[in-house]
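J.: make a model of this:
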Amino acid sequence: MKESTSREKVLKKVRNALISETDNPYPDIDFESSVYTDITEPLDITFAQELTKASGKFVFCENEKEFVDNLLVLVSDNNWSNVFCLEDKIKNIFIKEEIPFCSKEEEFSKVEVGVTLCEYLIARLGSIMVSSKQVSGRRLIIYPPVHVILAYTSQLVPDLKQALIGISEKYESDLPSMISVITGPSRTADIEKTLVMGAHGPKEIYVFLIDDSQ
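T.: Next comes the predicted model:
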């Protein structure tokens, strides 16, 4: 008889393990409770602190007018000339406040700043959840050197678990093909152990958080 290969032996052991039922040696382990300590600060403060630690930049705004004023100062200080946006909600704000922006495909290659919405803000991680279901798609969160995110306090959740539950309920059976979590600007230290910003995406991340609790 031909001797079994190592792969076949391993697969046989796996099959036998799946067939054979064994008692759980640790029946009293609680898999449902959170492994984290409770967040004691308000979620917006926690998010801002964690985002800043990850080299992101945070701006709190009382309303959309304050968002526009702060963004105009930022654009002026950095001499940005090509602000790109595809989200209708943001485009309507820009049109109303007469902020120049681009949205045509032929202008995309020259983009300096991409402005998008997001799905959720994860307070404990200081992270931004985005998905391919957003109008801005995949490119606008990766290609521009600067990524500006407009978010609302109602999108704040304590942990990644709540964000995943929320996005599952939002899209139900038609989940996005891409769900990503952004934690600060893109970086890598793979090259000679030197930290390089913007290696795989934007060099700068700005989150403008508007209070919509009222």
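
J.: where in the chain is the helix or strand with the lowest mean pLDDT?
T.: Across the helices and strands of the chain, mean confidence by mean pLDDT, DSSP states H and E is lowest for strand 196-197: a mean of 67.

J.: got the buried residues for stretch 134-151?
T.: Neighbour counts over stretch 134-151 (16 or more other C-beta atoms under 10 Å) mark 134, 136, 140-142, 144-151 as buried. C-betas here are computed from N, CA, C, even on glycine.

J.: residue boundaries of the strands in the protein?
T.: Using DSSP state E, the strands found in the chain span residues 57-61, 83-85, 113-116, 120-122, 127-131, 146-152, 156-157, 179-182, 187-188, 196-197, 204-210.

J.: ok, residues contacting the second one?
T.: With C-beta atoms under 8 Å, 6 or more residues apart in numbering as the contact definition, strand 83-85 has outside contacts at 75, 91, 94, 99-103, 107-108, 111-116, 136, 140, 144.

J.: and if we set it to 6 Å?
T.: K91, F101, C102, S103, V111, V113, G114, V115 (C-beta atoms under 6 Å, 6 or more residues apart in numbering).

J.: can you turn the buried part of these into a ChimeraX selection?
T.: Entered in ChimeraX, the line below selects the buried ones among these, by 16+ other C-beta under 10 Å:
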select :91,101,102,111,113,114,115
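
J.: export the contacts of strand 83-85 as a markdown table, with columns for pLDDT.
T.: Formatted as a markdown table, the contacts of strand 83-85 follow (pLDDT from 0 to 100):
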| residue | pLDDT |
| --- | --- |
| K91 | 95 |
| F101 | 93 |
| C102 | 92 |
| S103 | 92 |
| V111 | 91 |
| V113 | 95 |
| G114 | 95 |
| V115 | 96 |
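
J.: could you dump the contacts of strand 83-85 to CSV with distance to P42?
T.: CSV is the format used below for those (distance: C-beta to C-beta, whole Å):
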residue, distance to P42
K91, 31
F101, 32
C102, 36
S103, 35
V111, 34
V113, 29
G114, 28
V115, 26
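
J.: okay, now the unreliable bits of the chain?
T.: Scanning the chain for pLDDT under 70 picks out 1-4, 189-191, 193, 195-199.

J.: how many residues are close by P185?
T.: When neighbours are counted by other C-beta atoms under 10 Å, P185 registers 22.

J.: now do K12
T.: That count, for K12 with other C-beta under 10 Å as the rule, works out to 11.

J.: check the one 3 residues further on too.
T.: In terms of burial, R15 registers 10 neighbours under the definition other C-beta under 10 Å.

J.: against I45, how distant is it?
T.: If you measure R15 against I45 using C-beta to C-beta, to the nearest Å, the figure is 52 Å.

J.: repeat that for S34.
T.: 19 Å.

J.: V68 too?
T.: 23 Å.

J.: out of the two, which sits in the busier spot?
T.: Higher neighbour count among V68 and I45: V68, with 18 against 14, using other C-beta under 10 Å.

J.: contact partners for the residue nearest to F94 when sequence neighbours are not counted?
T.: Spatial nearest neighbour of F94, excluding adjacent residues (C-beta to C-beta, 6 or more residues apart in numbering): F101 at 4.9 Å. Shown in contact with F101 (C-beta under 6 Å, 6+ apart): V83, C85, F94.

J.: tell me the phi and psi of F101?
T.: When read as degrees, to the nearest 10, the backbone of F101 gives phi -150, psi 170.
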